[in-house]
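1. Sharing a model that was predicted from the sequence below.
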Amino acid sequence: MIKKCVFCHLELEPNQKIILSNEYCMFLQLEQAQVKGGQLEGAGLIVPKIHRKTAFDLTYDEWNATYKLLQKVKEYVDEKHQPQGYNLGWNCGGVGGQHILHAHFHVIPRYDDEPLAGKGIRYMFKSGENQR
């Protein structure tokens, strides 16, 4: 456990709650994920219980547990929020957009009434603003 890690010490972020868990990982949501029509409606993170810096550091058992929990998370979010799609992903390293250095798998429900409905995670990479 890392002293100041919000995923090792959940009490450091009082607005997050464990929604589902298994032996190796947990699904966390912030309070705003419960706001109907909000930008983060239904969104959350699957996080290993043991501190792992990135997805590349997960054990085989943690990968399998993440997959198993993802199936339960989908059932939960589908029932509670009825999204029409999902974006799923890991950010690894600072350049990859990882701001908390504890591996976390984003589960982001998508809705057909969003202004960016139909735009996937590659949308920003295809943008002219992201030219190297």
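-> Sure thing, it's come through.

2. When you work out contacts or count neighbours from here on, use the C-alpha atoms and nothing else.
-> Noted.

3. Quickly find the element holding the spatially most central residue of the chain.
-> Centroid check for the chain by C-alpha atoms, centre = their mean gives H106 as the closest residue, at 2.0 Å. Assigned by DSSP states H and E, H106 belongs to strand 105-110.

4. now do M124
-> M124 belongs to helix 123-126, assigned by DSSP H and E.

5. Convert the C-alpha atoms of that helix to CSV, please.
-> Output of helix 123-126 as CSV, limited to C-alpha atoms (Å, rounded to 0.1, in the frame of the first residue of the first chain):
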residue,chain,number,x,y,z
TYR,A,123,-11.8,10.5,-31.6
MET,A,124,-9.3,12.7,-29.9
PHE,A,125,-6.4,11.0,-31.6
LYS,A,126,-7.9,11.7,-35.0
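
6. that older thread, contacting residues around the strand holding H106?
-> 40-47, 77, 83-91, 117 (C-alpha atoms under 8 Å, 6 or more residues apart in numbering).

7. follow-up on the earlier one: centre of the chain to the helix holding M124, how far?
-> Between the centre of helix 123-126 and the centre of its chain there are 20 Å (C-alpha atoms, centre = their mean, to the nearest Å).
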